[in-house]
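Colleague: Fold the following for me, if possible:
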Amino acid sequence: MTERRRLPVITLTERAAARIKTMMREKGSAAGVRIGVKKGGCAGMEYTMECAAEARPYEEVVEHAGARVLIDPKAIMYLLGTEMDYKTDKLSSQFVFANPNQQAACGCGVSVTLAPAPREKLNAARG
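Modeller: Coordinates of the predicted model:
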């Protein structure tokens, strides 16, 4: 029987991976950066991010170039297919999510409207 390859929930750009590795190194004992979504903001949902000391049960783990992202299981259906980047301009530096499940964003740039990924994509991610 051949093993099916699972699709990663998110992908990281080289810039995002480099910044996450720096964050993990600065924290010392960090197992990675935890990504999730929560209800809030004028568009309905907000991305969440925190340094994580250890992985929690059922979290999806994505690793790239030495960076480790832990994805809250409740967020997988909203983040599937997302590319995470890190951008710096004259006034700010921030992680940016190119999410195919995003339907809208508020004018202030803090919250988004997300729809769950289609069932066939969720099934492909499960392997």
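Colleague: What lies in contact with the helix or strand encompassing V62?
Modeller: With elements taken from DSSP states H and E, the one containing V62 is strand 60-64. Outside strand 60-64, the residues within contact range by C-beta atoms under 8 Å, 6 or more residues apart in numbering are 8-12, 17, 32, 55, 68-71, 73, 76. Any C-beta I mention is one placed from the backbone N, CA and C, and that applies to glycine too.
Colleague: Poorly predicted segments of this structure, please.
Modeller: Judged by pLDDT under 70, the chain has its weakly predicted residues at 1-6, 109, 126-127.
Colleague: Distance check, the most centrally placed residue in the chain against D89.
Modeller: The centroid of the chain falls nearest to I35 when counting by C-alpha atoms, centre = their mean (4.8 Å). When C-beta to C-beta, to the nearest Å is applied, the distance between I35 and D89 equals 22 Å.
Colleague: same thing with L114?
Modeller: According to C-beta to C-beta, L114 stands 25 Å off from D89.
Colleague: More neighbours: which of these two?
Modeller: Counting neighbours by other C-beta atoms under 10 Å for L114 and for D89 shows that L114 has the greater number, 24 against 7.
Colleague: which residues touch the more buried one?
Modeller: Counting by C-beta under 8 Å, 6+ apart, L114 touches V37, G44, M45, Y78, N99, N101, Q102, Q103.
Colleague: Any of these buried? List them.
Modeller: Applying 16 or more other C-beta atoms under 10 Å to the contacts of L114, the neighbour count classes V37, M45, Y78, N99, N101, Q102 as buried.
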